[in-house]
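**Student:** Take a look and give me a structure for this.
(2 chains)
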Amino acid sequence: MDLQILLLLGQDGITNGAVYALLALALVLVFAVTRVIFIPQGEFVAYGALTLASLQAGKVPGTVWLLLTLGVIVALLDGIKLLRERRYAKLPPLLIFNVGLPLIAAAGLFAIPPTQLPLALQVVISMLLIVPLGPMIYRLAFQPLAGASVLVLLIVSVAVHVALIGLGLLFFGAEGSRTPAFTDLSFELAGTLLQGQTILVVVASALLIIGLYFFFERTIYGKALRATAMNRTGARLMGIPPMLAGKLCFTLAAAIGAFSGILIAPITTIYYDSGFLIGLKGFVGAIIGGLASYPVAALGAILVGLIESYSSFYASAFKEVIVFTLIIPVLLWRSLSTHQIEEEEE
Amino acid sequence: MKRTMLATLLSTIAATALADINVGVTLSATGPAASLGIPEKNTVDLMPKTIAGQRVNYIVLDDASDTTTAVKNIKKLISESKVDVVIGSTTTPNSLAMIDVAAEGETPMIAMAAAAKIVAPMDEKRKWVFKTPQNDAQMATAIVEHMTNNNIKTASFIGFSDAYGEGWWNEFSKIAEARKIKVVGNERFNRADTSVTGQVLKLMSARPDAILIGGAGTPAALPQKSLKEKGYKGVIYQTHGVANNDFLRVCGKDCEGTVLPAGPVLVAAQLPADSPVKASALAYVSKYEAAYGKGSVSAFGAHAWDASLLLANALPAALKKAQPGTREFRAALREALEQTKDLAGAHGVFNMSAQDHLGLDQRARVMVTVKAGAWSYTK
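**Tutor:** Predicted coordinates for the structure are as follows:
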């Protein structure tokens, strides 16, 4: 094993780790705000990547129909409630967001063949199709149970995961897809070849993480989310609706998921069920951060990426075993070093 | 008088309805093996609805690539649907688990999974089990033969970290050693892996003349793309598990020059005119493409098609001996299947015997090279 291999493995590990880090952040965010262990996080990765791939193949992605269906259901549920409460002013934004925008997106897809669009626009369309799924799933699956125990929320989360996997197979088929690279640039660095795409992944992840930091530190919505994460009841008393916080963090989670999917789609083949394993590795990172600390979670995820990369060189047959066994010492260390945090009383 | 006539008529209808042949199918249309199971399911729709003048009903269940579900399915098919024969399942673990139930229910079963141990060694239980795909050993021999013919001295292996990869590694390392090819590397990767850089670097550091990728479907494209990206110049071999068009689509130009063994159906149109399989393979291809569109055919669906050919060939003999739906009929069908002789299917010529419940020979495999993004027949 020479220096070049060491560097290449490190590069590979950091690239994967950057994506895991994004997912770990999303998982920590969702858990902190809503106490949901968000297993379907990985599905957004697969949906984002495959939606982009089917746009590029000139097909109408099945996610359009999912978006329309969920949108209509949400609009019906909330619309009836608003009508009963005679809050008519809130109706137009509800309809526009849940039905209008998806309809425009769908109509646009049928009117303009997406293959002719530039890549950047295809990415934007894919994000527009996937991101609204986040708040819709929150509204339908988790909002009615907002006060339930972590275990119940976890069970619902597994159910959503299984449903989304099944739909993924229906929409995209069993075979995987790859998208063309965003950039064909490559650099020579210390005798090793650096692919532009891998740099893009790392830079984009870093930028997103910085963006998230400013979102939480500087904006009113970010502060509201942090307040909810720290103390739900307290935040409620300060006039932050928990529903808004939930929807907001699911939107963020879906956006991060879809974005990571689009980032890695050119470097690997994505399948309808690839997301789960990617999400799970992000989850290992989030666990290292105790599902609470953002920087530790991100570092943990990069550690997962690096360990994965080096163990695939030394003992490829045991790669997953090594990565997931990592959880045990981490849990031991965490349970010995930190005091038990009691589940919050509602 | 009228009433008796009506009664006779009704009873005849009832009798014929009872005498329908029921074929139970369990396959993996969802789950990890879905890319194999979906074309098989599509093929079931093309199977003949009447054989030897008898109506044939197909009862299709999905086992989601899950062993427990496959066993549940075959139990249900045998005890509730009273099927005369079971076709399935798609994967080796599922098919192996189904053997006990098929033998217990004395129902013939035709597996669409590859491992030799589904039908060998022959025993009281496997007596009821047949299979249509070629053995891995047969395909591995073809690869090693191609390697020795092309003056390859050292080879490495990278395969799925599951039964498929493990099976291929066992066969390949054994045969390669016997033929004096030095195996210098052995790595594993997962179907869902996003990166195989580590494995690929390790393989390349041993500098083998050729690398065999033991994977199935589009996931097998990942090591190949990484090898090319890192500048590997040797020959890359794949297994017949990649023989569908999605693999070519995902792998793109990185697959040029890849060599693999495959069933003749993959290159049906390019087979020499004297090939005994050409007509039967083309028949399947044209039937499938007529129903599902040009270029949609895959080698996996053809295994299901071969199962139905075996059935159509064996049913007339079994019908002479007993009525469908009875224990005697199932036993007669088993015997008739065992006596299949010179039946040309999409994947080869079947010659079964009491000891050999696969019955394929060298005619069941050809070497294929990827040229200009398409499969090209080489030998």
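
**Student:** Just want the residue of the stretch 151-300 of chain B that's nearest chain A.
**Tutor:** Using C-beta to the nearest C-beta, the closest approach of the stretch 151-300 of chain B to chain A is made by B:G198 at 3.1 Å. (C-beta placed from N, C-alpha, C; glycine too.)

**Student:** That residue is in contact with A:D12, isn't it?
**Tutor:** Yes - proximity of B:G198 to A:D12 meets the contact threshold set by C-beta atoms under 8 Å, at 7.0 Å.

**Student:** quick one: the strands in the stretch 1-150 of chain A?
**Tutor:** Counting by DSSP state E, counting those that start in this stretch, the stretch 1-150 of chain A has no strands to list.

**Student:** Where does pLDDT dip in it?
**Tutor:** Residues of the stretch 1-150 of chain A that meet the criterion pLDDT under 70 lie in A:1.

**Student:** Would you pull up the residue in it closest to chain B?
**Tutor:** A:D12 (4.0 Å).

**Student:** give the contact list for that residue.
**Tutor:** Under the criterion of C-beta atoms under 8 Å, 6 or more residues apart in numbering or on different chains, the contact list for A:D12 reads A:198, A:309, B:195, B:197-198.

**Student:** Relative to A:L244, how far out is it?
**Tutor:** Summarising the geometry, the distance separating A:D12 from A:L244, computed by C-beta to C-beta, to the nearest Å, is 40 Å.

**Student:** In the chain, spot the helix with the most residues.
**Tutor:** This is for chain A. With DSSP state H applied, the helix covering the greatest number of residues in chain A is identified as helix A:3-34.

**Student:** wait, chain B
**Tutor:** Determined from DSSP H, the single longest helix within chain B is helix B:299-321.

**Student:** That helix and chain A in contact?
**Tutor:** No - Helix B:299-321 is not in contact with chain A by C-beta under 8 Å from any C-beta of the partner chain; minimum separation 10.8 Å.

**Student:** so the following helix or strand past that helix versus helix B:299-321, what angle?
**Tutor:** Next in sequence after helix B:299-321, counting helices and strands by DSSP states H and E, comes helix B:327-338. Helix B:327-338 and helix B:299-321 are oriented at 130 degrees to each other (axes from the mean of the first three to the mean of the last three C-alpha atoms, to 10 degrees).

**Student:** Name the residues of helix B:327-338 that come out as buried.
**Tutor:** Within helix B:327-338, the residues that qualify as buried by neighbour count (16 or more other C-beta atoms under 10 Å in any protein chain shown) are B:329-334, B:336-338.

**Student:** Which residues are in contact with the closest residue to B:S35 other than its chain neighbours?
**Tutor:** Leaving aside its sequence neighbours, B:S35 sits nearest to A:A174 (C-beta to C-beta, 6 or more residues apart in numbering or on different chains; 3.9 Å). Taking C-beta under 8 Å, 6+ apart as the contact definition, A:A174 lies against A:271-272, B:34-35, B:37-38, B:217.

**Student:** Spatially central residue for the chain, please.
**Tutor:** Defaulting to chain A. For chain A, the residue lying nearest the average C-alpha position, counting by C-alpha atoms, centre = their mean, turns out to be A:G257 (2.4 Å).

**Student:** Please refer instead to chain B.
**Tutor:** The residue at the geometric middle of chain B, judged as the C-alpha nearest the mean C-alpha position with C-alpha atoms, centre = their mean, is B:P133 (3.6 Å).

**Student:** Figure out the helix or strand that that one lives in.
**Tutor:** Using DSSP H and E, B:P133 sits in no helix or strand.

**Student:** hang on, it packs against B:H347?
**Tutor:** Yes - in this structure B:P133 lies within contact range of B:H347 using C-beta under 8 Å: 7.1 Å.

**Student:** which neighbours do the two share?
**Tutor:** In terms of C-beta under 8 Å, 6+ apart, B:P133 and B:H347 are both contacted by the residues B:263, B:303.

**Student:** backbone phi and psi for B:Y377, please?
**Tutor:** phi -70, psi 130 (degrees, to the nearest 10).

**Student:** before we move on, what about B:S65?
**Tutor:** phi 60, psi 20.

**Student:** Now for the nearest residue to it once chain neighbours are set aside: which residues touch it?
**Tutor:** Here the nearest residue to B:S65 in space, its sequence neighbours aside, is B:G31; by C-beta to C-beta, 6+ apart that works out to 3.0 Å. The neighbourhood of B:G31, defined by C-beta under 8 Å, 6+ apart, consists of B:37, B:63-66.

**Student:** Run through the helices of the stretch 201-346 of chain A in chain order.
**Tutor:** For the stretch 201-346 of chain A, the helices defined by DSSP state H, counting those that start in this stretch cover A:220-230, A:232-237, A:242-264, A:274-288, A:294-314, A:319-325, A:327-337.

**Student:** Which one of the ones you listed lies nearest to chain B?
**Tutor:** Using C-beta to the nearest C-beta, the helices of the stretch 201-346 of chain A put helix A:294-314 closest to chain B, at 3.1 Å.

**Student:** Let me know the angle separating the closest one from helix A:3-34.
**Tutor:** Using the same axes, to 10 degrees: helix A:294-314 against helix A:3-34 is 140 degrees.

**Student:** Mind listing what's buried along helix A:294-314?
**Tutor:** Going by neighbour count (16+ other C-beta under 10 Å), the buried part of helix A:294-314 is A:294, A:296-313.

**Student:** ok, and which of these reach chain B?
**Tutor:** Of the buried residues of helix A:294-314, the ones that also sit near chain B (C-beta under 8 Å from any C-beta) are A:308-313.

**Student:** Which residue, other than its chain neighbours, is closest to residue 283?
**Tutor:** Picked chain A for this. Nearest to A:F283 is A:L27, by C-beta to C-beta, 6+ apart, at 5.8 Å.

**Student:** looking at chain B here, not the other one
**Tutor:** B:A346 (7.7 Å).

**Student:** So the one you found is in contact with B:L266, correct?
**Tutor:** No - with contact defined as C-beta under 8 Å, B:A346 does not reach B:L266; the gap is 9.7 Å.

**Student:** part of a helix, is the residue nearest to B:S35?
**Tutor:** No - under DSSP: H, G, I helix; E, B strand; the rest coil, A:A174 sits outside any helix and is assigned coil.

**Student:** So B:P276: helix, strand or coil?
**Tutor:** Classified using three-state DSSP, B:P276 is coil.

**Student:** ok, B:K278 - contacts?
**Tutor:** Taking C-beta under 8 Å, 6+ apart as the definition of contact, the neighbours of B:K278 are B:264, B:268, B:271-272.

**Student:** what do you get if the cut-off is 6 Å, keeping everything else the same?
**Tutor:** Shown here is B:K278, whose contacts under the criterion C-beta atoms under 6 Å, 6 or more residues apart in numbering or on different chains are B:L271.

**Student:** what about A:M127, how many residues close to it?
**Tutor:** Around A:M127 there are 19 other residues, counting by other C-beta atoms under 10 Å in any protein chain shown.

**Student:** list the contacts for it?
**Tutor:** For A:M127, counting by C-beta under 6 Å, 6+ apart, the contacting residues are A:A258.

**Student:** let's see 10 Å
**Tutor:** Residues near A:M127 by C-beta atoms under 10 Å, 6 or more residues apart in numbering or on different chains: A:48, A:51-52, A:254-255, A:258-259, A:261-262.

**Student:** Next, find the distance separating the closest residue to B:A307 other than its chain neighbours from B:M98.
**Tutor:** Setting aside the residues directly before and after it, B:A307 is nearest to B:I110 in space (C-beta to C-beta, 6+ apart), at 4.3 Å. According to C-beta to C-beta, B:I110 stands 11 Å off from B:M98.

**Student:** Need the overlap of contacts for these two.
**Tutor:** Residues touching both B:I110 and B:M98 (C-beta under 10 Å, 6+ apart) are B:86, B:88, B:129.
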